[in-house]
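Asks: Sequence plus predicted model, see below.
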Amino acid sequence: MDVGRRIPVVLWASGHEILPAEGKELRRILGNFVLLEYRNPIETGKELLDIIREVRPDIVIVRAPIPVIASLLAGQGVRV
């Protein structure tokens, strides 16, 4: 174990639980990590940002409809 290295927190925002293969790939890339799953439907990018601000994860993985992702990007000044 790498002393002083903090274990990353991953927020998994999806209506579906993480698949075993997805978890395995994250472990391969990150090593140990804390997984926080948010499985409620996300309607807007603002809603997702509010969740991210509350949880403050190191990494966010989002599986959401394209309009939700577009509204998230548009809210950050990204032209979609």
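Replies: Done, it's in. Just so we're clear, the structure is a prediction, and the values are computed from it rather than from any experiment.

Asks: Run through the helices of the chain in chain order.
Replies: All helices of the chain, identified by DSSP state H, fall at 20-30, 45-55, 66-74.

Asks: just flag whichever of those helices has the lowest average confidence.
Replies: Ranked by mean pLDDT, these end with helix 66-74 in last place, scoring a mean of 83.

Asks: ok, L19 - how many residues close by?
Replies: The local packing of L19 (other C-beta atoms under 10 Å) involves 9 other residues. Any C-beta I mention is one placed from the backbone N, CA and C, and that applies to glycine too.

Asks: actually I69, not the one I typed
Replies: Counted with other C-beta under 10 Å, residues neighbouring I69 total 16.

Asks: in the sheet, who's paired with the residue positioned nearest the centre of the chain?
Replies: Of all residues in the chain, the one closest to the mean position by C-alpha atoms, centre = their mean is V60, 2.4 Å from it. Here V60 sits in beta bridges with L11, as judged by DSSP bridges.

Asks: ok, now which ones touch the closest residue in space to L36 that isn't next to it in sequence?
Replies: Leaving aside its chain neighbours, L36 sits nearest to L11 (5.1 Å; criterion: C-beta to C-beta, 6 or more residues apart in numbering). Taking C-beta atoms under 8 Å, 6 or more residues apart in numbering as the contact definition, L11 lies against 36, 38, 51-52, 55, 57, 59-61.

Asks: In PyMOL, select just the buried ones from the residues you listed.
Replies: Isolation of the buried members of those (16 or more other C-beta atoms under 10 Å) is achieved in PyMOL through the command below:
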select buried, resi 38+51+52+57+60
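
Asks: got CSV for the contacts of L11, with distance to E22 too?
Replies: Putting the contacts of L11 into CSV (distance: C-beta to C-beta, whole Å) gives the following:
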residue, distance to E22
L36, 14
Y38, 15
I51, 19
I52, 19
V55, 19
P57, 16
I59, 13
V60, 14
I61, 8
